[in-house]
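> what shape does this take:
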Amino acid sequence: MSAEPDPRLVYARTADGHDEADEPRRGLSPAARRILTAIDGQRCVGDLGQFARTGELGSSLSELEGQHLVEVVGLAEAPSEAERRARASAEQVLLDQAKRGLHGLFGAELGAAGHVWEARVADCVTMEVLRRVLREAVDVVYFRSGEAAARRVVAAVRPVFEQARDPH
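Residues are numbered from 1 along each chain as shown. Prediction:
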C-alpha cells in the first residue's frame, strides 16, 4: 500500500502499536513514528497528511500495518458541502493569520534574499502548501542566519498551526 490510501480510512493502533508509541523499541522510520503517534482511531487518513511530508503517508502506513502496529477500523463519511465550505473558510482565516505573522520576518532574518521567501509565503493557497514552504524556508534561515533566527520564524507561526491541528 505504498500508493496514497483512501483519505476516508480511519486507523487505530493495535495493542502492540500502543506499546510502541508509549515505549519505542522498533526501528521505525521517523515518518512512520510520527504517523503512529498521530493515529488515534478517530482521525481519517486525510487528516494524517499534516504529519507527513509529500509521499510519506502511504509508505508509513504500510510500514505500520506490516508490523501490525495499526489497523483499519472504519471509513469516515465524506463531509457535506456545508462542512467543506466551513472548513475551507476556517482554513483561510488561519492561513491569513499565519501570513500576517510571517510578514517581513524573512526580510529581517535573511536581508534581500528574504524577499523570495516572502513572495513564496504570499503565494501559498492552503495551510498544507504553507507548511511545505515553511519546512524549506526554516532550513534556509537556519543555515544562513542560525538557530535563533529559525526559532523566531517557527515561533511566529506555531500558534496558528497548533490551532489548525486542534480547532476546538
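> those strands in this structure, which residues are they?
With strands called from DSSP state E, the chain shows them at 9-13, 70-75.
> those: which one's closest to residue 29?
For residue 29, the closest of these is strand 70-75, at 14.0 Å, according to C-beta to C-beta. Using the backbone N, CA and C atoms, a C-beta is placed for each residue, glycine as well.
> about what we covered before: mean neighbour count, distance to residue 155 and mean pLDDT added to the strands of the chain, as a markdown table?
Converted to a markdown table, the strands of the chain look like this (neighbours: other C-beta atoms under 10 Å; distance: least, C-beta to C-beta, whole Å; pLDDT from 0 to 100):
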| stretch | mean neighbour count | distance to residue 155 | mean pLDDT |
| --- | --- | --- | --- |
| strand 9-13 | 20 | 31 | 93 |
| strand 70-75 | 15 | 33 | 92 |
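> using a markdown table, please lay out the ones you listed together with distance to residue 87.
What follows is these, written out as a markdown table (distance: least, C-beta to C-beta, whole Å):
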| stretch | distance to residue 87 |
| --- | --- |
| strand 9-13 | 17 |
| strand 70-75 | 19 |
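> residue 25 is nearest to which of those strands?
When these are compared by C-beta to C-beta, strand 9-13 sits nearest residue 25, at 14.4 Å.
> which outside residues touch that closest one?
21, 36, 39-45, 48, 61, 64, 69-76 (C-beta atoms under 8 Å, 6 or more residues apart in numbering).
> report the buried members of these.
Buried residues within these, defined by neighbour count using 16 or more other C-beta atoms under 10 Å: 21, 36, 39, 43-45, 48, 61, 64, 69-70, 76.
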